[in-house]
Structure formats: structure tokens, C-alpha cells
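Enquirer: please work out how this folds:
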Amino acid sequence: MGEIDFEKTTNEVSDFQKSIRYHLKYSLGRNWEKASGHDLFMAIALATRELMIDKMMETEERYQKADTKRLYYLSMEFLMGRFLGNNLYNLGIFDLCKEAAEKMGIDFEEVLERGEYDAALGNGGLGRLAACFLDSLATLGMPGYGYGINYEFGLFKQEIENGYQKEKPDHWLREKTPWQIERADEACIIPIYGRIGQGQGRNRSYKVMWTDWKTLIGVPYDMPVVGYGGKTVNFLRLYSAKSSDEFDIQIFNRGDYFKAVEQKISSEIVSKVLYPSDSVEAGRELRLIQEYFLVACAIRDIVYRYLKIRNNFDRFACKVAIQLNDTHPALAVAELMRILIDEYDVPWEKAWELTQKTIAYTNHTLLPEALEKWALPLMERVLPRHLQIIYEINQHFLKQVISVWPNDTHRVSRMSIIEEGAPKQVRMAYLAIVGSHSVNGVSALHSELIKTSLVPDFYQLWPEKFNNKTNGVTQRRWLLQANPLLARLITHVIGDNWITNLDKLRDLEFYTEDKGFQKEFRIIKLANKDRLAKIIQDTTQILVDPDSLFDIQAKRLHEYKRQLLNIMHIIHQYLSLVEDGRELTVPKTYIFSGKAAPGYMMAKLIIKLIHNVGAVINKDPKVKGQIKVVFIPDYRVSLAEKIIPAADLSEQISTAGKEASGTGNMKFAMNGALTIGTLDGANVEMREEIGKENMYIFGLTAEEVDRMRKTGSYNPWDYYNKSPIIRRVMESIGSDRFCPGEPGLFRPIYNKILYSGDEYFHLADLESYISVQEEAAKEFKNPGLWTRKAILNVARIGKFSSDRTVSEYAQEIWGIKPVL
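Expert: Reported below is the predicted structural model:
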């Protein structure tokens, strides 16, 4: 749009209005009078995108001039949420845009709320962490790019029918997003399937040949990522799978035209949906293909970018850093080796040196089921050349192991990338560890457990590889944007430097006893609770009291996260009211939100239990409104932005030793919620920073859980028999009290706790949890005390900014620096 120069008139509202009108007419072909709400959103977004593209091009010129090292962050998930508000804040034009829109008669809040769908490119904390990292990289002026898959459908849209989770398609791209820039000219061809043969290399030497492969086409779409202040704009590159324009000519010549068309369609399924079900063989194959598709597209693009200005690989590791966000992209190790060896004739030893120096691996979980393994027959069929390379990597690696421990066959078997069995399996986490120069956990406790419990053999072999990088979250999204009232109050009293240096929040400690500041802080919390109460009424038709204590557990449903422990406590409180005649210390509203994986039947049953318990409690006149239980469906980033600022109490109650870090805990504390939790994940470090007196810690430690598990000393029946409280709660779950219309519905929960060993130690922690809940309730009755603790949670959360985390990665692992 040539006639408007934003560089000279950024502060001019009228110029932004002209740009909105221009895009409405010429980019969208709409008359002003006939424009829909979505049309207005698109016009505003396209006007914003102009600024972003200009800055993105300036950023690239700056990087090229500096010939800087670049980071490429590979992740199967990027949970980006909505873009417009975040982009406007980071560009510094939020108020300008709002004024321009409102002077045009546009309901700006409606555009922000209804104009775009959440970008459904992720599931939980893994994808949201990746999104926070991209924001921090750009804000810090660092050359870092995300690489992922352009899923057409997200995980799923969660609906609740009669208390049961129902999964509906989440077609977030059904209306074209203004934030993606298609780069069809940079599409890459990805080989798959085929067989291994022999041939001659360029110097007539013997060479392994991967032949008869089929092809996928990866088409990149770039989403600009704006750093705060607008100086640096990096991008997230997402690949869509397309079929080759050329059908398999042999199929076509045999007359099987429909088979050829089917092959074309099936190849495009690769980027159709996030995490296909792996409960059947076809789902496992598609999942493997997705992971390969991501790394193959990314590695090919990274190599292409490097070779645009160089003709050899001598400085590859000096100019390229690749970070694997969990185990899913572990095939990058084999793919980089394949590209170097097969396509560029780099000798094995040199290729392996480059691969290890370039790649680093972040582990995000201690759960065995999340450490991926692939059956050899499946990998041999889908990726025969990669399997061959993995075997050779393993052979070289095991020679090293044997040289260190020459007579320890059991250790060699434990450490092998190939796991013996029927069928044999490829241990992808081991491939990532062997092929990387750095292996990090995401909290101090988690990193220690990696070394002592998950892969102690590897730590003994390579202690220098292992390190910790405690997770963080971006304050631009989770405070500035999600809680503008609190952000304005903070800026009013200490200035706005906290937006780019979260440690500056420490200055709030001077205001913890200030009655005026406390009053403003409480008013803002109540306003955020009012907003959430309206959302609850709109989505669940349940009325809640904003003056009650909002106790919130919002996260993915999993047994180790122990939503069940939460509902056990709620049942205890309910029974104390209706059977024992007790009064609650304070009225409480228990708020749940989160999705269960479609095939995770126990997690889905817990969702049903939450709904049934809530239905009983919410309608029982004996409760007298002292307890309300609600479940807000379809948890996502834009909903989290409404839930988190409204929390009084943040539930972080996972079994100690199971949560790698958690980031929800940080977001809640940043918004003035007090944490009730176990000493798990980053809760341990939060207690060190915030102060144990400003959190409510309970339950077994990770060491105690590990000891009880190893010695077999935990028996849930012991707790059941000794405690009338526990016995009554369990009997209410095992009976039909909460499911009179579906007898025996919750018996599987009862049986799993008492007859299957209670893997996540619910009964061991229940009475401690009940006790600390009562402590929190008593302190909530004292507004001055509670508010003081809430302010200290905000003031002392500085360590948990993703800016700090990314700076540590950059200095200690990636070797990249700001280019400003």
C-alpha cells in the first residue's frame, strides 16, 4: 500500500483509519456498509501486518549484515493463542488502534474477542512454552525462529454433554488467517518409504542409495513474531503437507486412477490434525510421518539458508543452533546426518561432529509413556534410510560405552538406542541425547531427576552435557495483555520497565503494607472475578459469587496432575456441611478447566465426576451457597487469559516428582494468586523466590514418593482404614451417591485407587491437602494479610520470565546474541 507511509505517521490515528479502509476495500473487496465483524477484524489485522512485515524485513537485513548465528527451535506444538492484541501491544500501537477503530464506530473489544480463533497449533504447556520463547527471542532482539506444522485442525474443541467430554473438530483455519504469509516458492520435497539399494557415489566409491521413495511436498507459511517495542520481528515457520503434482505414473498407467487420486489426498492428511490417535497402527504411522515431516522440512530449510552464502559446512555449527523441544523432533539427528552424508558427501566423522555441535535437546517429562519409542518394522517401512543411520549411530555409540564399561553387558543393553523385544523399538529420547551437545531439564528438581532417575547411565557417561533451564512465561502476554488493570496499576507506581525486565517487580515490595495500594489491588482482583463470573454464567449457566474464594485448577487433565485429589477435598467439604452440620470458613467457588486426551478414559471419567459432584452440590439447599463447583469447557489460551487473573488460589497439586516444571503456576502467581501445591516442578523454586510463608505447601516430597514406591511401603488401604475422612470420601465415590442414574459409573476410580495401588499417591496426600486448604481459607478471611501475600507473589515472580530462560539458553547452549 504505497500511498501511506507508516514510518512517518505511526502516531497518527487518521492514517491507521485510512489503512483499515484501504484493506477493507482492496484486500477484502468489501464496502464499508456491508462489512461483517470478521471483515473489520481482517482489515485491522492487515493494517497491523504491514508494520510487522516492514519490521521483519529490517530485522533480516540487520541479521544478514551481522552474519549472526541463528537459532532454529523445532517443536510439534506452538500454542500461540490469538495474535491481534499481542501484536498491537508489542508494536506499541494498541491505544492508537483502539482509538482509530472506535472513531470509525467499530466495537474494538468485540473485534478482539470475536474476530479470530485461537491458533490451534498445540495442546498444553509444551506448546505454550514454545510460544513464550518466540516472544522473548524477538523482544531480546535475538535471531531465533520456530519451526512447526501448520495443522489445519487443532487438538479438538471440547464440548460437555451431560457431564461427558465430547470432542468436536477445531477447524481454526476455516476462515483464512491474516497472520500467515505463504512461501510457495520455498516449498521442499520430502522423500518417504522406499527401499535401500547400492550405487556409486560421485567419486565412484560404494554408496548407500535410498530409492523408490514417494514424496511429500512441504509448503512453508511464515507467521511474524513481534518483539516488544517492535524493533525485532522474527517468524514462526509452519509447514503444510501437499501432494506432488505428479501422480505415481505407474499407478496411473495401470489404469488405477482412483488409487492415484487417493494417494494425492492421503499425503495432505499429514498436516491435517494435531496428534492423531496412536491407538491403532495407522495412527502410529501418521504420527511418525508427522514428526519426520517436521524435521525433514526444517533441516532442509536450515541447510538451504546456510548454503545461500557459503559453499561448505566448515562453519555450520558456528552459525546454526537447533533446539529440540522434547522428544518429538528427535529424528532431526538422523535427518541432519542423512542430508550431510547422502546429499553433500560429508564424511561420517565430520557429519557426526557437526550434528552433535549443532543440536541440543530439552526433555519435558519423566513419564515413560511420553518418551517415544518406534517399532522397528514401522520405521523400516516408513524411513528405511534413517533406520540404517540410527543403527550406525548406535554402533559407534555402544563402542564408546563398552570402552568405558568393558564388562557391563546390562549397562550396554540399558543404554542402547535400540531396545530389544518383540518387536524391537527405537528409543527416541536416547537418540536425542546421543546426538546432542546439551541435554536440559526445565526445573531444578526435574533436571536432577533426569540425572538420577531417568537416564543416570547417560549422565555418568557425559555429565558435562546435562544442565537445567527452569521454564518461564512472557509477561507481555500473561500480565500486560491478560490483566491490563493490574498492569496499569503496576506501571503507575513503579514505571513500565517491568515489561522487559520482570525483576523490576521487586519494587512492588515497598507497597505491600500500603493501604491505598492494597485497596486498588483488591478492586482489580474483584473486577477480574466479575468478568470470569459472567463467562461462567454464559458457558455453564451457573451463578457464582465473585466475593467467594476462587479456587482454580486449569490445566490438561491427567491423573498425575491430580484433579481427582481436588474433587476428593470438595467431596469432603460437602459431606462436612450436609452430614456433620459444619459451616465453611469462607464460601468457595471451585473452578476447573482442561481437556482430556480423547483416548484417556480415566481422565474423561474424572471430568464426569467433577460435573456430577458439582451438579449435586450446586443444587443441594443444605449447602446454602457455601460451595459452587464449575467446569469451564474448551480450555485454550484466550480463555486462560480470562481465568488466570481471576484466581485467588492456584491449584498446583501434582504428585511430587511427576511434573517437569509447570508454567501455569507462574502465570497465576504473576497475577496475584496464592499457590496451593506440592514440592514438585518449579513450585520448589517458586517457594525459594516467593517465600514459603506466601504459599501453601503440602504432601509428600519427590524423595519420599520415590522411596515409598521403591520399598512398596505405600498401601492405600492403610490410609483408608486409619482415616474416617478418607474412608467416607472413597465410599461416596465408590457408591452411587453422585451417579444415581448410572449405577457403578465411578467404581473404576474407586477400584484404581484402592485395588490398583493408587499410582499417584492421592490418599497419602489427602489429609495434608485438607489441612492446608483450611489454613488458606482462614487467611482469606483477613483481606489485609491475603492481599499482602498476593502482592508479594507478583513482586517476587521475576525469575520466572521466559526472557530470563531464553537468555540462559542463548548464553549457555545456543551461543547466540542480541542483534540490535
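Enquirer: can you tell me the closest non-neighbouring residue to residue 658?
Expert: Of all residues not flanking residue 658 in the chain, residue 560 sits nearest, at 4.1 Å (CB to CB, 6 or more residues apart in numbering). Yep, even glycine has a C-beta here, placed from its N, CA and C like the rest.
Enquirer: residue 281 too?
Expert: Residue 281's closest residue in space is residue 378 (CB to CB, 6+ apart), at 7.7 Å.
Enquirer: my guess is that neighbour meets residue 284, correct?
Expert: Yes - look at residue 378 against residue 284 with CB atoms under 8 Å: they come within range, at 6.5 Å.
Enquirer: so what sits against both of the two?
Expert: Contact with both residue 378 and residue 284 is made by no residue, according to CB atoms under 8 Å, 6 or more residues apart in numbering.
Enquirer: any idea which helix or strand comes after the helix or strand hosting the residue nearest to residue 281?
Expert: Here residue 378 sits within helix 376-382, counting by DSSP states H and E. Using DSSP H and E, the next helix or strand after helix 376-382 towards the C-terminus is helix 384-404.
Enquirer: what comes up buried for that next one?
Expert: 384-390, 392-394, 397-398, 401 (16 or more other CB atoms under 10 Å).
Enquirer: same thing with stretch 541-557?
Expert: 542, 544, 546, 548-557.
Enquirer: what's the separation between residue 635 and residue 376?
Expert: 37 Å (CB to CB, to the nearest Å).
Enquirer: low-scoring pLDDT stretches of the protein, where are they?
Expert: Applying pLDDT under 70 to the chain picks out residues 1-11, 199-206, 245-265, 277-280, 369-370.
Enquirer: with just CA atoms, put stretch 484-494 into PDB.
Expert: Only the C-alpha atoms of stretch 484-494 are listed here, as PDB (Å, rounded to 0.1, in the frame of the first residue of the first chain):
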ATOM      1  CA  PRO A 484      -4.500  -4.700  31.800                       C
ATOM      2  CA  LEU A 485      -6.000  -3.300  35.000                       C
ATOM      3  CA  LEU A 486      -3.200  -4.800  37.200                       C
ATOM      4  CA  ALA A 487      -0.600  -3.900  34.500                       C
ATOM      5  CA  ARG A 488      -1.700  -0.200  34.600                       C
ATOM      6  CA  LEU A 489      -1.600  -0.200  38.400                       C
ATOM      7  CA  ILE A 490       1.900  -1.600  38.500                       C
ATOM      8  CA  THR A 491       3.100   0.800  35.800                       C
ATOM      9  CA  HIS A 492       1.600   3.700  37.800                       C
ATOM     10  CA  VAL A 493       3.600   3.000  40.900                       C
ATOM     11  CA  ILE A 494       6.900   1.600  39.600                       C
END
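Enquirer: begin at 34 from now on, thanks
Expert: With the count now opening at 34, the last piece we talked about shows up as stretch 517-527.
Enquirer: which parts of that stretch are buried?
Expert: For stretch 517-527, by 16+ other CB under 10 Å, it's 518, 519, 520, 522, 523, 527.
Enquirer: how about the buried residues of stretch 574-590 in TSV, adding distance to residue 790?
Expert: Compiled in TSV, the buried residues of stretch 574-590 are given as follows (distance: CB to CB, whole Å):
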residue	distance to residue 790
575	36
577	37
579	41
581	36
582	34
583	34
584	29
585	30
586	24
587	28
588	24
589	23
590	21
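Enquirer: now, those residues that are in strands?
Expert: 582, 583, 584, 585, 586, 587 (DSSP state E).
Enquirer: distance to residue 195 added to those, as a markdown table?
Expert: What follows is those, written out as a markdown table (distance: CB to CB, whole Å):
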| residue | distance to residue 195 |
| --- | --- |
| 582 | 29 |
| 583 | 26 |
| 584 | 25 |
| 585 | 24 |
| 586 | 22 |
| 587 | 22 |
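Enquirer: relative to residue 333, which of the residues you listed is nearest.
Expert: residue 587 (38.7 Å; CB to CB).
Enquirer: who does that closest one form a beta bridge with?
Expert: Beta bridges link residue 587 to residue 626, judged by DSSP bridges.
Enquirer: from residue 680, how far off is it?
Expert: 8 Å.
Enquirer: between the two, what contacts are shared?
Expert: Contacts common to residue 587 and residue 680, judged by CB under 8 Å, 6+ apart, are residue 624.
Enquirer: wait, residue 387 touches residue 347, no?
Expert: No - counting by CB under 8 Å, residue 387 does not reach residue 347; the two are 9.3 Å apart.
Enquirer: those two: who's more crowded?
Expert: Neighbour tally, residue 387 and residue 347, criterion other CB atoms under 10 Å: the higher count belongs to residue 387, 20 against 10.
Enquirer: hmm, the residue nearest to residue 691 is touching residue 690, no?
Expert: No - shown here, residue 593 and residue 690 do not form a contact pair, counting by CB under 8 Å, at 9.3 Å.
Enquirer: neighbour-wise, which of these two wins?
Expert: residue 690 (24 against 16).
Enquirer: pretty sure the more buried one sits in a strand.
Expert: No - counting by DSSP: H, G, I helix; E, B strand; the rest coil, residue 690 is not found in a strand; it is coil.
Enquirer: any idea how far residue 741 is from it?
Expert: Taken as CB to CB, the span from residue 690 to residue 741 is 11 Å.
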